[in-house]
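Asker: no sequence for this one, just the structure:
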């Protein structure tokens with residue numbers, strides 16, 4: 001386990017990202033409906049990419065957050081059905097290759113700048129991650145390690161824009177087992193490389 005801190009990232013503006021994600025999450029629900037995942041809006045086809053509205057359900061959920069999910073693909077890759085050996089493999093491929101969904105609010109300037117800002121933000125985070133993996137590969141003198149992450153077709157990268165609304169109810173499961181603090185995100189271990197933006201806020205804790 002480990003963590004690192006990156007500063008002075010070229011062409012990255014945390015304030016610009018914060019401006020547009022704040023505006024999106026503050027929009028009326030009907031203007032966000034075109035991006036809602038199919039689990040909440042069955043008329044939409046997007047399963048993973050797009051807007052996941054949070055539910056303040058303290059009985060069944062430890063978390064209460066709104067999420068906008070962005071991935072590496074703008075169009076779904078064409079795959080031959082015969083390439084899949086079972087339905088689970090096809091479902092996994094569909095999720096990995098799902099195309100991004102972008103806001104269509106009627107405000108053309110906002111929609112365009114939101115898309116451009118977070119396409120660039122995804123690219124920057126992806127580049128940081130790739131360089132970090134390459135650094136590990138060089139340090140370990142295992143050049144084939146970085147090659148494990150070169151398959152764009154099956155890449156499972158995602159950027160999640162998150163908002164944590166104020167909860168009206170709490171339960172005992174929402175308190176940290178480590179120090180008893182009330183959590184906005186449950187304690188967990190990321191099994192992958194995670195790049196996070198703090199937006200100049202404190203509060204991200206890593207036990208090492």
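Answerer: On my side now, so go ahead. Being a predicted model, the structure only gives us computed values, none of them experimental.

Asker: Now do the residue nearest the centre of the chain, the pLDDT please.
Answerer: Closest residue to the average C-alpha location of the chain: residue 160 at 2.1 Å, with Cα atoms, centre = their mean. Looking at residue 160, its pLDDT is 92.

Asker: in this structure, which spans are helices?
Answerer: 14-26, 29-32, 87-96, 108-140, 144-147 (DSSP state H).

Asker: To residue 64, which of those lies closest?
Answerer: Closest approach to residue 64 among those is made by helix 14-26 (13.2 Å; Cβ to Cβ). C-beta coordinates here come from the backbone N, C-alpha and C atoms, glycine included.

Asker: Could you name the helices and strands sitting against that closest one?
Answerer: Counting contacts by 3 or more Cβ pairs under 8 Å, 6 or more residues apart in numbering; DSSP states H and E, helix 14-26 is packed against strand 66-70, helix 108-140, strand 159-163.

Asker: burial count for the nearest residue to residue 14 once chain neighbours are set aside?
Answerer: Closest residue to residue 14 apart from its sequence neighbours, by Cβ to Cβ, 6 or more residues apart in numbering: residue 199 at 5.2 Å. The tally of other residues near residue 199 (other Cβ atoms under 10 Å) stands at 11.

Asker: for the residue nearest to the centre of the chain, what are its contacts?
Answerer: 67, 68, 69, 70 (Cβ atoms under 8 Å, 6 or more residues apart in numbering).

Asker: ditto for residue 158
Answerer: The neighbourhood of residue 158, defined by Cβ under 8 Å, 6+ apart, consists of 48, 69, 70, 71.

Asker: Farthest pair within these?
Answerer: 48 and 70 (10.2 Å).

Asker: Give me the more crowded residue out of the two.
Answerer: The residue with more neighbours, out of residue 48 and residue 70, is residue 70; 21 against 16, by other Cβ under 10 Å.

Asker: which residues does that one form a beta bridge with?
Answerer: When bridges are called by DSSP bridges, residue 70 pairs up with residue 159.

Asker: does residue 63 really touch residue 54, like I thought?
Answerer: Yes: using Cβ atoms under 8 Å, residue 63 is in contact with residue 54, at 7.5 Å.

Asker: re earlier: check the helices and strands packed on helix 14-26 for me and report the most buried one.
Answerer: Mean neighbour counts were taken over the helices and strands packed on helix 14-26 using mean count of other Cβ atoms under 10 Å, and the top value, a mean of 20, falls to strand 66-70.

Asker: and that strand with helix 108-140, angle?
Answerer: Counting by axes from the mean of the first three to the mean of the last three Cα atoms, to 10 degrees, strand 66-70 lies at 70 degrees to helix 108-140.

Asker: Output the lowest mean pLDDT helix or strand found in the protein.
Answerer: helix 87-96 (a mean of 70; mean pLDDT, DSSP states H and E).

Asker: Let me know how buried the nearest residue to residue 132 once chain neighbours are set aside is, in neighbour terms.
Answerer: Distances taken as Cβ to Cβ, 6+ apart place residue 193 nearest to residue 132, at 6.4 Å, with adjacent residues excluded. Neighbourhood size, residue 193 [other Cβ under 10 Å]: 14.
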